[in-house]
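Participant: The sequence and its predicted three-dimensional model are supplied below.
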Amino acid sequence: MTIESAFVLCQHEHLGSGALIGKLIYEATTIDPLLIFGGARQLHEADLMYTVETRVTLENPRCVVVAVLAPFESAPFEQHQPANGGPASTFADIAFLLGYLQGRLPKSHVFVIGDDPESGFWIDPQIRAISPRDPDWRLKLSEGLKEAGVDVDRGRVLDTGG
């Protein structure tokens with residue numbers, strides 16, 4: 001089993017936090033992060049579905065998923081208030097994809113950055129949840145990635161500030 005990629009799911013207002021996770025994965029591992037935010041993505045729909053279908057299986061998972069449901073306070077480009085005074089986006093646009101991925105991957109391959117009471121989003125209790133307020137979040141995520149079969153450079157984890 002070779003892990004090839006990481007899907008990083010986040011809302012538009014948490015884009016800075018999603019980028020921070022993507023940066024850590026890019027710099028400290030050998031896998032490629034794929035950022036999916038607020039319905040937008042780095043791939044066309046057909047390419048995304050092909051990537052998901054070929055890498056998301058219980059028998060031979062070839063990816064990990066990190067869902068950002070609560071932001072890091074220190075992340076760049078973070079919008080802690082909705083833009084233009086409008087309503088904050090809901091989790092509806094990533095809810096389906098996260099649920100689909102949760103159901104098709106081993107629990108060890110799915111991570112949630114969030115504080116349960118804030119997210120208002122049900123997550124399987126067996127999935128590793130990491131608080132964005134935890135000063136050791138980088139180490140906890142890297143340990144989880146390592147358990148999922150990802151080669152992680154611990155020195156690079158500590159060097160990727162943010």
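Facilitator: Everything's here; your move. Keep in mind it's a predicted model, so treat the numbers as computed, not measured.
Participant: now the most centrally placed residue in the chain, nearest residue through space, not along the chain?
Facilitator: Taking Cα atoms, centre = their mean as the criterion, Val66 is the residue nearest the geometric centre of the chain, at 2.0 Å. Leaving out its chain neighbours, the residue that sits closest to Val66 by Cβ to Cβ, 6 or more residues apart in numbering is Phe111, at 4.6 Å. Where you see a C-beta, it was placed from the backbone N, CA and C, and this is true even at glycine.
Participant: Do me a favour and average the pLDDT over the host helix or strand of that neighbour.
Facilitator: Using DSSP states H and E, Phe111 falls within strand 110-113. Averaging pLDDT along strand 110-113 yields 90.
Participant: partners of the one helix or strand the residue nearest to the centre of the chain maps to in the sheet?
Facilitator: Take DSSP H and E as the rule and Val66 turns out to sit in strand 63-68. Applying DSSP bridges, strand 63-68 is found paired with strand 5-10 (parallel), strand 110-113 (parallel).
Participant: where does that strand sit relative to the chain's centre, distance-wise?
Facilitator: 3 Å (Cα atoms, centre = their mean, to the nearest Å).
Participant: repeat for stretch 149-162
Facilitator: 16 Å.
Participant: Name the residues that touch it?
Facilitator: The contact list for stretch 149-162 (Cβ atoms under 8 Å, 6 or more residues apart in numbering) reads 1-3, 6, 20, 23-24, 27-31, 64, 72, 74-76, 138-139, 142, 145-146.
Participant: buried stuff in it?
Facilitator: Residues of stretch 149-162 classed as buried: 149-150, 152, 157, 160 (neighbour count, 16 or more other Cβ atoms under 10 Å).
Participant: mean confidence for it?
Facilitator: Stretch 149-162 comes out at a mean pLDDT of 81.
Participant: re the thing from before, would you mind writing the CA trace of the strand holding Phe111 as CSV?
Facilitator: Extracted C-alpha coordinates of strand 110-113, given in CSV (Å, rounded to 0.1, in the frame of the first residue of the first chain):
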residue,chain,number,x,y,z
VAL,A,110,-9.0,10.5,7.9
PHE,A,111,-8.1,13.5,10.1
VAL,A,112,-10.2,16.4,11.3
ILE,A,113,-8.8,19.7,12.3
